[in-house]
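Enquirer: Structure, please.
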Amino acid sequence: MDLSLAEQFMLLAHKPTGGRVMAADHAGAAELADFLLWQRIDFVGWKIRVLDPAPTGFPWFDGGLALLQKHAVAKRKPLSVSKYLRGRSPLSGGWNSALAAHQVALARRDRLRRGEKHLLGLIPHDCWYPDPAVRNAVLNELRAFARQELPSEGRLVLLAALVHSTGMHHQLPLTKIERAQLKQISRGTAFGEAVRAAVNAETAAVM
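Expert: Residues are numbered from 1 along each chain as shown. The predicted structure follows:
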């Protein structure tokens, strides 16, 4: 599929009605999945070690790599997954967050369409509509993989782990068996366990 893991995650995170699921705030985790796939990072426990900080050529990814490298140079130790997700979240990053960066990038490729709604009929706010055909293709591939109808490959393993570890599996039209298989895949990866622990910690901190 000609989409990065972050792009696939973002399409799943945006509803056809223009809203988005709560897991969208963890778009930084999708960046980490791509960095792993591209062998730019690896994990030391639940921390991220930079292997190759060279720019990717895609500004919407390079902000994340820069954050990792800045910490590695300043602190001389790996950055925790929790701190990375916090640094790339909408709350901390604003328009420089992973969510905002990938929304704009997908809009330029006509994968997301920006619109506007009005809360209570008065207050305007942005909404984003995913390309329905592309979103359905991503969702169908994920579901087929969860049903073990597709061979195992690194990209799909990471996508499955990403969807489960961020809690997105609760907000997608999946069967009980598909959710159970995503859980099994995610729990079997260091990436999935590290992201799950970070998301759980962030959730607990705001409750």
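
Enquirer: if I look at His26, how far off is Arg179?
Expert: According to Cβ to Cβ, to the nearest Å, His26 and Arg179 sit 18 Å apart. Backbone N, C-alpha and C define where each C-beta goes, glycine included.

Enquirer: Neighbour count: these two, which is higher?
Expert: Each of His26 and Arg179 has its neighbours counted (other Cβ atoms under 10 Å); His26 has more, 25 against 16.

Enquirer: ok, now how distant is the more buried one from Asp2?
Expert: Taken as Cβ to Cβ, the span from His26 to Asp2 is 23 Å.

Enquirer: ok, now Gln69?
Expert: Remark: distance between Gln69 and Asp2 (Cβ to Cβ) = 28 Å.

Enquirer: Name the residue in these two with the higher neighbour count.
Expert: Gln69 (16 against 6).

Enquirer: pretty sure that one contacts Val50?
Expert: Yes - assessed by Cβ atoms under 8 Å, Gln69 is found in contact with Val50 at 5.7 Å.

Enquirer: residues contacting the most centrally placed residue in the chain?
Expert: Nearest residue to the geometric centre of the chain (Cα atoms, centre = their mean): Ala30, 2.8 Å. Listed by Cβ atoms under 8 Å, 6 or more residues apart in numbering, the contact partners of Ala30 are 5-6, 8-10, 98, 102, 162.

Enquirer: can you check Arg109 too?
Expert: Arg109 neighbours (Cβ under 8 Å, 6+ apart): none.

Enquirer: Then Arg114 would be within a strand, right?
Expert: Yes - counting by DSSP: H, G, I helix; E, B strand; the rest coil, one finds Arg114 located in a strand.

Enquirer: Do I have it right that it meets Trp128?
Expert: Yes - judged on Cβ under 8 Å, Arg114 makes contact with Trp128 at a distance of 5.8 Å.

Enquirer: neighbour count winner among these two?
Expert: The residue with more neighbours, out of Arg114 and Trp128, is Trp128; 22 against 13, by other Cβ under 10 Å.

Enquirer: how far away is the more buried one from Ala194?
Expert: 28 Å.

Enquirer: And for Arg20?
Expert: Distance from Arg20 to Ala194, counting by Cβ to Cβ: 23 Å.

Enquirer: Between these two, point out the one with more neighbours.
Expert: Shown here are Arg20 and Ala194; by other Cβ under 10 Å, Ala194 has more neighbours (23 against 20).

Enquirer: which residues sit against the host helix or strand of that one?
Expert: Ala194 is part of helix 190-205 when elements are defined by DSSP states H and E. Here helix 190-205 makes contact (Cβ under 8 Å, 6+ apart) with 26, 29, 32-33, 36, 43, 45-46, 80-82, 85-86, 158, 161-162, 164-167, 185-187.
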